[in-house]
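S.K.: Here is the input, now give the coordinates:
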Amino acid sequence: MAIDVGSAPHLGPGRTVSADVACTVLAPTLLEYQVTVARVPGLDVRESLRLTVDGVPHQLHEVIGPHGTRIHRASVGGGVAHLEYHAEVLGTALPEPSDDYLSTLYLRPSRYAPVDRFFGFAGTQFPGSMSDAEKAIAVREFVAGRLDYLPGASTPFDGASETLLASAGVCRDYAHLTVALLRALKVPARMTAVFAPGCDPMDFHAVTEALVEGRWYVLDATGLAPRATMMRIATGRDASDIAFLDNHGGSIRLDRLTVGATANRDLPKDDPRALVALT
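M.R.: Down below sits the predicted model:
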């Protein structure tokens, strides 16, 4: 199997992203947002982030997590919470240093990627003689061929097992199945939320990253957007770690979500058989 590593088109500096999230807080709660470009070396992010509650500015507290993930928290007693984010992103992200603990973590079962249920299936579906690079591409091709992109085919509670049986889903379902199969093949894999210029329908997008020869490469079995233009937002074990909006206590209702992501030049063509790192 021929694998092309690092040959994807390079995108020069200049991308614009935005997010507009409105929710009604029905009972006092702690809101947590993950909607900002991750803080990683190599990127110059010029951004604005504003939260209002019933039109009044409200304080946000930033928490920095692994991989540059940024969580913005706010305690809200009630009313309409409106978060507005806009950023101009310049530069190219540098490769993430290797971390033995996180590499081990991303081999373990997680809520939406129950790896222990996939060992037998993955062992018979994919030859054991393949390199990690070949496994990554083979899993990506299997998931792309197995699933149909069909909004409404899955629920927020479905994981990789349900997706394999249903043979349909959206980006998070594609990513969960890819993650579960890679981990079952002993390739560390994680799930990442990204801004994806060219994505149609435009939304926060979920992809998989696989650790191959000491470097993380992004896999996207949906093929909805070129990987060379994607920008990291949040990274974790599965969707439970990278949700754009979460709350603790109380009750909320999501009223509106609008996402934007554009590049400063024509979008490159994505070669699905190339191993590409997030930039």
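S.K.: Every contact and neighbour count from this point should use C-alpha atoms.
M.R.: Fine.
S.K.: buried sites along stretch 22-36?
M.R.: Neighbour counts using 16 or more other Cα atoms under 10 Å place 22-25, 28-36 of stretch 22-36 among the buried residues.
S.K.: I'd like the residues you listed laid out as CSV, including secondary structure, pLDDT and distance to D220.
M.R.: Formatted as CSV, the buried residues of stretch 22-36 follow (DSSP: H, G, I helix; E, B strand; the rest coil; pLDDT from 0 to 100; distance: Cα to Cα, whole Å):
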residue, secondary structure, pLDDT, distance to D220
A22, strand, 98, 28
C23, strand, 98, 29
T24, strand, 98, 33
V25, strand, 98, 34
P28, coil, 98, 38
T29, strand, 98, 34
L30, strand, 98, 32
L31, strand, 98, 29
E32, strand, 98, 26
Y33, strand, 98, 24
Q34, coil, 98, 20
V35, coil, 98, 20
T36, coil, 98, 21
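S.K.: Widest-spaced pair of those residues?
M.R.: Between any two of the buried residues of stretch 22-36, the greatest separation by Cα to Cα is 24.0 Å, found for P28 and T36.
S.K.: Could you report the neighbour count for P201?
M.R.: If you count neighbours by other Cα atoms under 10 Å, P201 ends up with 10.
S.K.: So it, which state does it fall into?
M.R.: Under the three-state scheme (DSSP: H, G, I helix; E, B strand; the rest coil), P201 adopts coil.
S.K.: can you pull the contacts of it?
M.R.: If a contact means Cα atoms under 8 Å, 6 or more residues apart in numbering, then P201 has no contacts.
S.K.: ok, now D116?
M.R.: Neighbour list for D116: 109, 184 [criterion: Cα under 8 Å, 6+ apart].
S.K.: mind checking the SS state of it?
M.R.: D116 ends up helix, using three-state DSSP.
S.K.: Same check on S48?
M.R.: Per three-state DSSP, S48 ends up strand.
S.K.: That one and V89 touch, don't they?
M.R.: No. S48 is not in contact with V89 according to Cα atoms under 8 Å; the separation is 11.8 Å.
S.K.: more neighbours, these two?
M.R.: Comparing S48 with V89 by other Cα under 10 Å, the one with more neighbours is V89, at 19 against 12.
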